[in-house]
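1. quick one, fold the following:
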Amino acid sequence: MIKDFSHFKGNKLTRSEKIQKKITEYIIKSKIPDEKRDSSVVWEQKHSAGVCQMGRLLAQKRDLNIEIAEIICIMHDIYTIITGSYKNHGPEGAKIAQKILMDSGDFSQKEIITITQAISQHSNKDHFSNNPYAELVKDADLLDCSLYENSLGGYKLHKSDAIYKSTLERLSLIRKELNLPAQPILRK
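-> Next comes the predicted model:
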């Protein structure tokens, strides 16, 4: 049966659409000015949506549950969205995500654990794990970031050489998996 697209309004949203709408509303309604945030509200909006889209694509490629992947990806920076800070944002964000998911009443305990574990681990891009959803969100996050001009400079300036090198290796593997050129093509 064909359904009309909801445009994220009305009361017939899927559970993923409900979460995406909630996260977007948190961003839009933030009272923390950009001067007091580690990233701008505009960045949070663009990045959360971009990571969600990248997550959908990677989930299809890796034969993972697309709905779970998009929820993880849209929520991956929830702590930063709410507080403006990246400090310990993976583990702290997992706690916020858990409350949102539990309060929604739409998710099983197993799904909540899958989602929150991935969110908690997503910043550890220099470590590979056996958790396919944690690896997916790490990759979606990095891939989205890599498509913005000068974004990898942040890794170079703020991470150790070993972590920067590992990040570039991860990015190379993702791009190879997706049959993309080795280096992103950015405007000059």
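
2. now the longest helix along the chain: buried residues?
-> Taking DSSP state H as the criterion, the chain has its longest helix at helix 41-62. Across helix 41-62, burial judged by 16 or more other Cβ atoms under 10 Å covers 41, 43-45, 47-56, 58-59. The C-beta positions use only the backbone N, C-alpha and C, and glycine is treated the same way.

3. which intervals of the protein have sub-threshold pLDDT?
-> 184-188 (pLDDT under 70).

4. all the helices of it, in order from the start?
-> 15-28, 41-62, 66-75, 78-83, 89-104, 109-121, 132-146, 151-158, 161-177.

5. for residue 2, find the nearest of the ones you listed.
-> helix 15-28 (17.1 Å; Cβ to Cβ).

6. any idea how far the residue nearest to residue 176 when sequence neighbours are not counted is from residue 143?
-> Sequence neighbours aside, residue 182 is the residue nearest to residue 176 in space, at 7.6 Å (criterion: Cβ to Cβ, 6 or more residues apart in numbering). For residue 182, the distance to residue 143 equals 13 Å [Cβ to Cβ, to the nearest Å].

7. between the two, which contacts overlap?
-> Here residue 182 and residue 143 share the contacting residues residue 175, scored by Cβ atoms under 8 Å, 6 or more residues apart in numbering.

8. who's more crowded, those two?
-> residue 143 (24 against 8; other Cβ atoms under 10 Å).

9. surely that one touches residue 171?
-> Yes. The pair residue 143 / residue 171 is scored as a contact, 7.1 Å apart, by Cβ atoms under 8 Å.

10. picking that back up, out of the helices of the chain, flag the one nearest residue 6.
-> Of the helices of the chain, nearest to residue 6 by Cβ to Cβ is helix 15-28, at 6.5 Å.

11. quick check: angle from the closest one to helix 41-62?
-> Orientation note: helix 15-28 sits at an angle of 160 degrees relative to helix 41-62 (axes from the mean of the first three to the mean of the last three Cα atoms, to 10 degrees).

12. what about residue 131, distance to residue 64?
-> Residue 131 is 11 Å from residue 64, by Cβ to Cβ.

13. looking at these two, which is more packed in?
-> residue 64 (17 against 14).

14. for the more buried one, list the residues it contacts.
-> Applying Cβ under 8 Å, 6+ apart, the residues near residue 64 are 58, 132, 133, 136.

15. tell me who's in contact with the most centrally placed residue in the chain.
-> The geometric centre of the chain, computed from its C-alpha atoms, lies nearest to residue 73 (Cα atoms, centre = their mean), at 3.3 Å. Shown in contact with residue 73 (Cβ under 8 Å, 6+ apart): 48, 51, 52, 54, 55, 56, 136, 137, 140, 141.
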